[in-house]
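Colleague: pasting the sequence and the predicted coordinates here, then a few questions.
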Amino acid sequence: MDYLKYVNIKQGTKSSARFSHGNTLPLTCLPFAMNNFTVQTNGDNKPWFYDPDAKWIEGIRLTHQPSPWISDYGSILFCLQSNIPGTDLRGIWSGFDKNKAIMTPYRLSVNFKKSNSQMDLAPTKRGAIFNMHFMDVRQSYFSLMLFGIKDYITYDEKSGWLTGYTTHAHSKDLEEKEFKTFFAVKFKTDDVDSKNILISQKKHELELSNVAKGDYISIHIPIINKQATCSLSTSYISLEQAKLNHKRELEGKAFEEIEEIAYEEWNEKLNRIQVTTETLDEMKTFYTCLYRCFVFPHVCHEYDLEEKPIHYSPFENKVLPGVRYTDMGFWDTFRTLFPLFSIIAKDEYTDMVTGFINDYKASGWLPRWTTMTETGTMPSTLIDPVIADAYIKDIIDDKTAQIALEAMIKHANVKSKDPKFGRSGVEDYVKLGYVSYENEKESVNLTIDAAYGDYCIYLIANKLGMNDISDKYLKRSKNYINLFDKQSGFMRAKDSKGQFRPDFNMFNWGRDYTEGSAWQNSFGVHHDFEGLAELYGGKEEFLEKMNLIFETPPLYYADFYNREIHEMTEMALADFGQCAISNQPSFHLPYIFAYFNNQEKTDYWVKKICKEAFSYTKEGFPGDEDNGSMSAWYIFSMLGLFPICPGKAEYVKGPMQVKSAKILSKKWSNSTFNNLIPHQVFKE
């Protein structure tokens, strides 16, 4: 089946720092590719460099940006120019007819009104092929712009190779290590007027092969013919490796062949779930979301001359053997994306966990939020359920699980000297059984997440037959109880003496909670809902509290942030009560009803959210999409099941909103789901 016809890569792109409809980019790439390609309309707008309504274009951007809150690295801008080429963003921008552009996962075609030209791109894993079409009598140029602190470019007129590197980075860590993205662009020498190549920096001419220091450096390749082709490959290792990648992915292949390969690879991924829906809009939303699920994480390993995987490690600042994946935040994706991989991308999931373990071997810590290097952007170590889920579902073997368990036990007990690694507040947690607000902000979330992480350690140790370890961490997984306040019915922060913070308000965001208030963050006890219900006096009392989440108006206080953050605005305008489906901590809340056999409530809220908050359009998400996590929520919710506790091979039943579904080799229908009993929970 051709499901690519339903995909709109502009989904969720109408976003800003103040309001997110996804904070996505329209990405043309292969699944899990090293590089993505997108349209840049305004680079001065920093990470929000694309506007789906813009009538102008600066070029096609090679990007690795996983989120505007993380920003980009290793980016390169490509465009077509004529006559006197511009040398900065102000000088290169052109009118752009977005209605004539082709923007798909496997092909990107854009037009430049100023130079009367068109550029087509088809992606490979580590590069792309470009077709250039000039409809102008003036001199035409293929322009490439770099944005690093120290960049290098040179052109060899005999071979037609344009090679170099950019040091463009988004962190001081990468800058200090002089991290480089190497690139090699191959031209047909008959297409290039090599005597008139221009290399410029801020309009000042530089010698070929010079090293430039500044905001940007650009090179302009004069193209003789009105139609021409060039091909690009990149590497994090060396120029030689970039050329080797080019040989394997691009050499001897025409544009149409590269495009067809990309098309087939995407269609194979989308065919892993085959559904029929009631409406065309639902088909478009479903398969657009499924496309989003196969973009991140990015591979950042390559293959040497013997075709063995190697990768650049930012932790040791050298090339190491093995696979590696990056641009992934586990705080978001453990909830839905990796559980979806456990069904439809098991081989890729195995490879990813191997890569995460390689990061541990190199750095001494499992990753938290990696984007080439570790950023530590979100709290806690929620890679724990990613690994536990993989092991419980036999996606990784005993040997891999043993190494992972060693790493998980370390961050469950040892404080890292670098706050980007390990569990924040771990010393408090080990000593007190909770993280005190005196020593850490967001202490409630840190405590609850640590208890869940302990449960994940229990799961792995138990399966490995390490009973002493499993017993210890199963007991520790109950530590969330230490912050429960029966009077308010919320998890509340305590000081080191065990006293609740006195000035509690249920609508205050931040301080003790992560991107929310007590309403969104008191119920993340994924591993022990039965125990959580007992704290309320039983199932009925607990479900009454769940009802209040959806019945309470979406009120929020921004005092502790000293400003309104976009998640507040999105919760209020979506108006599903205090269920902030715009952010990941609320993902499981509608499914708690079904977990306790109140299927009607789950069905009502899930259907309402899917219908009102999701679409395939540029305003397609209720908040930040976050690397496939929100898309995977929609996929699960349309199929009628939800992984309420990653780490357990169980799914809570939801409303099946597709007419039929075939997942890999399994045919599922409404009758299949209606027979899922007892407790509406079933095992994979």
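Modeller: Now that the structure is in, tell me what you want to look at.
Colleague: hmm, Tyr325 is touching Val353, no?
Modeller: No: the criterion here is CB atoms under 8 Å, and Tyr325 misses it with Val353 at 9.1 Å. C-beta coordinates here come from the backbone N, C-alpha and C atoms, glycine included.
Colleague: what is in contact with those two at once?
Modeller: Common neighbours of Tyr325 and Val353, counting by CB atoms under 8 Å, 6 or more residues apart in numbering, are absent.
Colleague: how does the protein divide into domains?
Modeller: Recorded structural domains for the chain (assignment: automatic domain parsing) are 4-269, 272-683.
Colleague: surely Pro554 touches Ser582?
Modeller: No: using CB under 8 Å, Pro554 makes no contact with Ser582, being 10.2 Å away.
Colleague: so those two - more neighbours on which side?
Modeller: Ser582 (26 against 19; other CB atoms under 10 Å).
Colleague: what's the neighbour count on the nearest residue to the more buried one once chain neighbours are set aside?
Modeller: Nearest residue to Ser582 in three dimensions, chain neighbours excluded: Gly623, at 2.7 Å (CB to CB, 6 or more residues apart in numbering). Counted with other CB under 10 Å, the neighbours of Gly623 add up to 27.
Colleague: could you do Tyr561 as well?
Modeller: For Tyr561, the tally of surrounding residues (other CB under 10 Å) stands at 15.
Colleague: what's the spacing between it and Arg511?
Modeller: Tyr561 sits 9 Å away from Arg511, going by CB to CB, to the nearest Å.
Colleague: how about Lys653?
Modeller: Between Lys653 and Arg511 the distance is 36 Å, computed by CB to CB.
Colleague: looking at the two, which is more packed in?
Modeller: The residue with more neighbours, out of Lys653 and Arg511 and counting by other CB under 10 Å, is Lys653; that gives 23 against 17.
Colleague: let's have the domains of the chain in JSON lines, adding mean pLDDT.
Modeller: Output for these, formatted as JSON lines (pLDDT from 0 to 100):
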{"stretch": "domain 4-269", "mean pLDDT": "93"}
{"stretch": "domain 272-683", "mean pLDDT": "95"}
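Colleague: residues in contact with the residue nearest to Ser582?
Modeller: By CB under 8 Å, 6+ apart, the contact set of Gly623 is Ser20, Gly22, His566, Glu567, Glu570, Ala574, Ala580, Ile581, Ser582, Asn583, Met630.
Colleague: Thr154 reaches Tyr165, doesn't it?
Modeller: No: applying CB under 8 Å, one finds Thr154 not in contact with Tyr165, separated by 10.4 Å.
Colleague: these two - which one has more neighbours?
Modeller: Between Thr154 and Tyr165, counting by other CB under 10 Å, Tyr165 is the more crowded of the two (25 against 16).
Colleague: about what we covered before: wait, a strand at the residue nearest to Ser582?
Modeller: No: counting by DSSP: H, G, I helix; E, B strand; the rest coil, Gly623 is not part of a strand but coil.
Colleague: what backbone torsions are found at it?
Modeller: The phi/psi pair for Gly623 (degrees, to the nearest 10) reads phi -170, psi -160.
Colleague: so how far is Cys29 from Lys346?
Modeller: Lys346 is 22 Å from Cys29, by CB to CB.
Colleague: so which of the two has more stuff around it?
Modeller: The residue with more neighbours, out of Lys346 and Cys29, is Cys29; 26 against 15, by other CB under 10 Å.
Colleague: what about the closest residue to that one other than its chain neighbours, how many residues close to it?
Modeller: Distances taken as CB to CB, 6+ apart put Asn36 closest to Cys29, at 4.3 Å, once the chain neighbours are dropped. Neighbour count of Asn36, defined by other CB under 10 Å: 23.
Colleague: give the contact list for Asn36.
Modeller: If a contact means CB under 8 Å, 6+ apart, then Asn36 has Leu25, Leu27, Thr28, Cys29, Leu62, Thr63, His64, Gln65, Val295, His298 as its contacts.
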